[in-house]
Each structure stands twice: as C-alpha cells, then as structure tokens.
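Student: following is a predicted model, sequence given first.
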Amino acid sequence: MSMDTPSATFTPTYTTQQLPDLTVSAISDPTCARDHLLTSERDYVKIRVIVRNVGRVSTRSFGPFSVLVNLILGQRRYSLDEWASSFNGVIDSSSTDISNLNPNAEVKLNLAIDLKGNKNFGVEVIANAGTNPIPESDTINNNLIQGFSVICV
C-alpha cells in the first residue's frame, strides 16, 4: 500500500514595503525638429518620457524591466518597433530596457518620431511591460496616455 507524503513548496512572498513601485510620471509635450542630415529633409517630434520608482526598494534584485511605448493614431496602437519597421518612423529612441532603478530615482527616455504627416496622435507608456514583469507593490500607476495635436512647420 502506497501513501503519498505531502511536500512543501516554497513560494516567495513580498510585502508592499519590500517592492519597487514604478510609475510613468510624465510625457512631455512634443517639440518639432527637422533633420537636415538625411537626403530628404523630414520633420519629426521629440518627446521625453519619465519613469520613476516611488517604491521603497531598488529594482536591481528583481532584474531588468522594460518600458513599452505605443504611438496611437486613430484607433490603432503602434509599438516603437512596429512604427520603425513598418513606416521607418522612429528617428531615435533611448533604450526602453532598464537594468536598475533605485528608490525615488527616475529614468528619462528620449524619443524622436516621424509622424508621417499625422497631426493628432497619442503616446501610451507602460512601465514594467516586458515578458517577465518584476513584482511591484502597486501596478495601477504603470500606465499613462496623453494625446497631442501638433503641426510642424
């Protein structure tokens, strides 16, 4: 007669005081720029995004996290990768993979995007949006969406 012996499994638990808390604290207004280095001049917008760790601990021990940036045109969202590959519309972008963010520290991401003639658009930023998100004390504030209307002349 065989008896199953229960075995304990370890599941790490974290209290809210021991976790980082990432927030998208700002998306700047776009500023127009013109690239004269290309064969054909093209207008684009520069945008700055700020992600802040308002939690009590660093993200270091939990590993890197990614920040997802989407460009919203009409009812469609385009990730930076999709906008770059489909429309050659990303002039420049800071790395959206963040290795460490200390408590009360922030990271500033700079974006330069060719809107391809669009004047009304939105930017959606989601902190900690990678395939393996790090644990946080609060994920409600990880997302910020802001709409803009800009004409570059």
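Tutor: The structure has been received and is ready for your questions.
Student: quick one: the helices in the chain?
Tutor: 80-87 (DSSP state H).
Student: put the alpha carbons of whichever strand in it runs longest into CSV.
Tutor: Longest strand in the chain, counting residues (DSSP state E): strand 42-53. These are the backbone C-alpha positions of strand 42-53, laid out as CSV (Å, rounded to 0.1, in the frame of the first residue of the first chain):
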residue,chain,number,x,y,z
ARG,A,42,11.9,65.4,-42.7
ASP,A,43,10.1,66.8,-39.8
TYR,A,44,9.7,64.8,-36.6
VAL,A,45,8.7,65.4,-33.0
LYS,A,46,10.8,64.9,-29.9
ILE,A,47,9.2,63.6,-26.7
ARG,A,48,10.6,62.9,-23.3
VAL,A,49,9.1,60.2,-21.0
ILE,A,50,9.9,59.9,-17.3
VAL,A,51,9.5,56.7,-15.4
ARG,A,52,10.0,56.9,-11.6
ASN,A,53,10.4,54.3,-8.9
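Student: state the mean pLDDT of that strand.
Tutor: Mean pLDDT, computed over strand 42-53, is 93.
Student: before we move on, what about stretch 23-37?
Tutor: The average pLDDT within stretch 23-37 is 88.
Student: one more: stretch 80-90?
Tutor: On average, stretch 80-90 scores 95.
Student: my read: Val45 touches Lys119, true?
Tutor: No - the criterion here is Cβ atoms under 8 Å, and Val45 misses it with Lys119 at 10.4 Å. For every residue, glycine as well, the C-beta is placed using N, CA and C.
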